[in-house]
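In: A predicted structure for the sequence below; I have some questions about it.
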Amino acid sequence: MTTRWFGERVQRAEDDRLLRGKGRFTDDIDDGALESVLVRSPYAHARIRSIEVGAARMLPGVFAVYTAKDLPFGETDLPILIPHPNLTHGRTQRCLASEVVRYAGEAVAFVVAESRAIAEDAAELVDVDYEPLPVVITPEAAARADHLVHDDVPGNVAAEMVQEKGNVAAALESAPRRKRFHFRYERGAASPMEARAVWARWSDDERKLTVYDSTQSPTSIRGGLAVLFGLPESQVEVIAPDVGGGFGPKIMLFYPDELLVPYAAVHLGRPVKWTEDRQEHFTAVNQERGQVHEVEVGYDDEGHVLALDDDFIHDGGAYTPYGIILPIITAGQVPGPYRVPNYRVRFRDMYTNATPTSPYRGAGRPHACFVMERTLDAIAADIGIDRAEVRRRNLIQPDEFPYDVGVGWQDGNTVVYDSGNYPKLLETALEKLGPRPAGENIGMGLGMYVEGTGVGPYEGAHVQVLVSGKVVAATGIPSQGQAHATVWAQVVADELGVDVRDVEVTGGDTRRFPWGVGTFASRGAVTAGNAMHVAARMVADKAKKIAADHLEADPADLELAGGAVRVKGSPQRGIPLAAVAVLSNPVRYAFGGGTEAATQFTPRARPGPPLADGEEPGLEATGYFSPAGSAWASGCHAAWLRIDPKTYRLEILKYVVVHDCGKVINPMVVEGQIEGGVAQGIGGAFYERLAYDSDGQLRNASFMEFLMPYSTEIPQIEIEHIETPSPLNPLGVKGVGEAGVIPVGAVIASGIEDALGIPITEMPLSPLKLYELSTSASTSTSTR
Amino acid sequence: MRINGFDHYPPQDARRLLSDYLRHDVGLTGTHVGCEHGVCGCCTILLNGAPVRSCLMLAVQAEGHEVTTIEGLAPDGEPLHAVQQAFHECHGLQCGFCTPGFVMSVVGLLAQHPHPTDEEIDEGIAGNLCRCTGYASIRRAVRRAAELSR
C-alpha cells in the first residue's frame, strides 16, 4: 500500500523559516545597495511646466536624480499587456511623466542616494511646476465627459464592447414581469501587508542583471527587462523571493520602479533597492472594482429569469495597461450559476484621473456576482417567494454540463462551464446555516458564484531526483502565501512514491525555471500543479525504464513506492530511487554519493552506448500543462447577521461557505484561502473605502483611516468542500485563490437588506452609509 | 543595547527608528515593517518582555532595555517556541509577512493571560493586521499555543 499525499492536510514546508524570522523578502536583501525614492505627482491631473532637479543632485550622498529625459526609454509608452481589438483607445503611462500627470501618485522623478533618508531629503528638493487641470474622478463623471483625461480620447472611452446571446429586446418585451436596477460598486484596494519592493544588481564581469522583485510574475518581468535593455534573456535573472501577499496588483508590469531600479543599477554600477512605503502604496499600486451597472431583467410569475440586459461602465483609471480584462470578466460572469436564456451585456471602459486598475482578488467577479444576486433577491421579493427558492428555480442543473453561457471569456474562448453541482451547493449551505436565530434586526445573507479559474496559456515544471534520493522541483510561478512548496510537493511525492518531506520546491526564480506566466486568476493549482504532475510522471516513467533494465523486469510491472522502484506484488524486488538516479547518469569519474555504480567498469544491464539514442542523462524531466479552457469553480455563501439599530454596527452571527474547487489537494490550505478571501470580502463590503475627493486626492491613504478589519471584525467561517472534478486537467482540480471573496459583497448586502428592510444597491457599506440609507428611506416613506 | 541576549553597538544615528536599526544595522530582518505608522503590528517586538511596535520608537530609546525579536524565540537548530509551533500546526500563517509581529504579540498575550478567553484572544491580537488568513487560524493557534505552554 502506498501513501497518497493528495488530499491530505500536509503541514506546510514553508512555515519553519517564516516563523523563525528567516524568511527572505525583497527589502531584507541589502548587499550594500543604494536606496531610492520616487517623486510622485500630488495632483490628479496637471500639466508639467518644468522639473528642476539641480538642488537635489547637489545634496551630498545623492548618486543620481532621473527624469524622463535622462532615460533612454523615457519617451517609450509602457506596454499594453493584453491588447484587444475593442480596446480602440488604449493608453499607457511612461516610466516617468514629463508632460501631463493623470493621477495623484504618478511618478515624475527618481532619486538614488546612499541612504533612504538622504534620498527622501533629495526628493523634497525636486521642484516640479504643475499647472492643475480639471479632474475626472468618478466613472459617472467620465461618462459625462465634461472634461477629458486624455485629450485624444473622445468621451473618455477606452473601449466599448457589446455581446448578446439570444434576443434580449424581444424577450424583455414579452416577459410577464420586468424590473430595472442601478447598481454601484466602488474601488477597493488589495493592501497586502508587504508593500512592493525591487532590488537590482548589474554584474559587469558576467554582463548579468539580477533583480529581486516582489512581483507575481518574474518570468514576464525578465522578458520585459531583456527587451528593454537589449540583453539576451540568459543574462537577466528575476527572482520573486518570499512575497508578503499579492492579491493581484503585484502582477502589473511595469510599475516604474521595476524599470528604474534595474536601470539605475546598470547605470551606476552599484546594487540599488527601492522599498515602497505604505502611503505611496495606496496611490501608486493598482486598484479595482469601480463599476456602475444599469440592469433590466425580465422574468415570469414563477421567478424564472427570461432575459437580462446589463449596461455598465468600468472605472479603468488613468491608463489601461491591463487592457480590458476586468470588464470582460465581469461581462462573462454576471449570469453566474443561473440559466439566463437571453443575455445582453454592453460595457464601456472609462478613463478617470485615478490610479490605474488591474485585477484585485476576484477581478471583475464580486461586482458581477453582486449584480446577479441582488437582481434575484429583488425578483424573489416581487413575486413573494423565498430567496433560496428563486435561486433553486434558476440554477443550471448537474446534467447540463458543459454549459455554454454564450459570451466571451478572458482567454479568448467563450464562457463554458466544465462541471459542477450548483443545487447541491445551495441545499448544503442552507442546511448548514440552520434556522433564523432569535432576535431583532437579523437578516439572512445568501449568494452564489461561479469562477472561471486556471486560465492559460500554460505553466511548466522541472522535477529531478538527486543521487541522494531527495527530489527537487521548480516552476516559474512564485508564491505569495498559497503554500505552493507544500502542495506541489504533495503532487510530486505521489507520482514518485517518496515522502512529501523529501521534495523541495522552488517557485518564481527564473534561474531555476525560466518559462511560464505567473500567479494570478486562481490558476496556480490548475496550471503549475498539473505541470508538476506531468513532469513527475515523466520522471517516474524514466525511473521505471532504467530500473527495468537493472531488475530485468518489464517497466509495466514496476511501481514507485517507499522511495524505490519495485516490482508490483513483490516489493522486496526493487532498487532505491537514489540508485536509479545514479544509474541515469553514466559517469567516467565517480564523484561520491554512490556514483561508482555508474562508472564504465561496472557491469551494465544492457549493451550498446551508455546513453542510448534519444536518452538524456539525469533522473529529471520538464513537463508543461496548457489548459484547453477554464476550470469553473463554484460555491454558495450564507450568513446570519445582525445590524445594531442605533450604531449600525455589523455583527456576523454565522457564516457558511460551501464551495467546489474540484479535487482538493490540501484541505488545510484551501480552507486558509477561503477564510482569508471571506475576510477580505467583509473588509471590502463594510469597512474599507477609498475616500477620493473631487480633486482626485485619496483622503485616507493610511491604515489609520482605511479600515482593514482586525480579528475583532471577522467571524469564524464554517466551510464544506464539495468535489466535482474538472474534466479539463489530469488532477481534476479547479482554482480557489479568489473564491472566498467573490460573493461576500452580495451576501452582506442581502443580509442587511433582510435585516433593515431597505434596498441595498451599492458597495461598500458602512455604519454611516446605513444610517443615511435608513434615514432617507424613512423620510421618503413619511412624505409619500 | 541587549538584543536576544547579546549586546550590540548602539545606533549611530539618533533619528534611526528601532525597526530600521534592527533590520538594517543589526541585520535582524525577521522584524517586518508594514505601515510605519503603528497600525499593522508587523514590527512588534518585546521590550522587557512586553510587546511594542518597533516602528514607533527611536532606537536610542531602547538603550538599556532588553529587546527580543522573532529571531530570539528559538535559536537556530532548536525546536520552535510553543507559539511558533502552534502557528505551524494551525496554519496560522500564509505569506508570513505579518507573522513575526503576531507571534511576538501572542507571546506577550500568553505571558499576561496563560489561559486566555476568546475575548482576551481577540483583544490580544487586535493590534495586528493579517491580510491572508482571515484570523480564524490565528485564533486557533493562540488556543493551541496556550495548550502547548502548559
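Out: Structure received.
In: quick one: residue A:704 and residue B:39 touch, right?
Out: Yes. Between residue A:704 and residue B:39 there is a contact under C-beta atoms under 8 Å: 5.8 Å. No exception for glycine: its C-beta is placed from N, CA and C like everyone else's.
In: what is the neighbour count of residue A:269?
Out: 12 (other C-beta atoms under 10 Å in any protein chain shown).
In: quick revisit: of residue A:704 and residue B:39, who's got more company?
Out: residue B:39 (23 against 11).
In: how close does that one get to residue B:134?
Out: Note on residue B:39: its distance to residue B:134, by C-beta to C-beta, to the nearest Å, is 18 Å.
In: and the residue of chain B nearest chain A?
Out: residue B:30 (1.9 Å; C-beta to the nearest C-beta).
In: pretty sure that residue is touching residue A:20, no?
Out: Yes. If you go by C-beta under 8 Å, residue B:30 and residue A:20 touch, sitting 7.1 Å apart.
In: who's more crowded, those two?
Out: It is residue B:30, of residue B:30 and residue A:20, that has more neighbours when counted by other C-beta under 10 Å, with 27 against 22.
In: can you tell me the closest non-neighbouring residue to the more buried one?
Out: residue A:21 (1.9 Å; C-beta to C-beta, 6 or more residues apart in numbering or on different chains).
In: and that neighbour, what's its pLDDT?
Out: At residue A:21, the pLDDT value in this model is 98.
In: and it, what does it touch?
Out: Applying C-beta atoms under 8 Å, 6 or more residues apart in numbering or on different chains to residue A:21 gives the contacts B:28-31, B:69-71, B:100.
In: give me the domain ranges for chain B.
Out: Structural domains annotated on chain B: B:2-72, B:82-148, as defined by automatic domain parsing.
In: deepest of those domains, which one?
Out: Mean neighbour counts were taken over the domains of chain B using mean count of other C-beta atoms under 10 Å in any protein chain shown, and the top value, a mean of 23, falls to domain B:82-148.
In: briefly note if that domain comes near chain A.
Out: Yes. Using C-beta under 8 Å from any C-beta of the partner chain, domain B:82-148 reaches chain A at B:84, B:87-89, B:91, B:93-100, B:103, B:121-123, B:125-139.
In: circling back to that earlier point, please flag which of the contacts of residue A:21 sit within helices.
Out: Among the contacts of residue A:21, the members falling in helices (DSSP state H) are residue B:100.
In: quick one on the thing from earlier: any common contacting residues for residue B:30 and residue A:20?
Out: Listed contacts common to residue B:30 and residue A:20 are B:70-71; contacts here mean C-beta under 8 Å, 6+ apart.
In: please report the distance of residue A:540 from residue A:755.
Out: With the distance defined as C-beta to C-beta, residue A:540 ends up 56 Å from residue A:755.
In: which one of the two is surrounded by more residues?
Out: Neighbours were tallied for residue A:540 and for residue A:755 using other C-beta under 10 Å; the higher tally belongs to residue A:540 (24 against 21).
In: so the more buried one: helix, strand or coil?
Out: On the three-state scheme (DSSP: H, G, I helix; E, B strand; the rest coil), residue A:540 is labelled helix.
In: thought it was touching residue A:560?
Out: Yes. Applying C-beta under 8 Å, one finds residue A:540 in contact with residue A:560, separated by 5.2 Å.
In: mutual contacts of the two, please.
Out: A:495-497.
In: before we move on, what's the pLDDT of residue A:396?
Out: With respect to pLDDT, residue A:396 has a value of 98.
In: contacting residues for it?
Out: A:337-339, A:403, A:417, A:420, A:422.
In: could you report the distance from the closest residue to chain B within chain A to residue B:109?
Out: Among the residues of chain A, residue A:21 lies closest to chain B, at 1.9 Å counting by C-beta to the nearest C-beta. Per C-beta to C-beta, residue A:21 is found 19 Å from residue B:109.
In: same thing with residue A:460?
Out: Applying C-beta to C-beta to residue A:460 and residue B:109 gives a distance of 45 Å.
In: name the element the most centrally placed residue in chain B belongs to?
Out: Closest to where the C-alpha atoms of chain B average out (C-alpha atoms, centre = their mean) is residue B:104, at 2.5 Å. Following DSSP states H and E, one finds residue B:104 within helix B:99-112.
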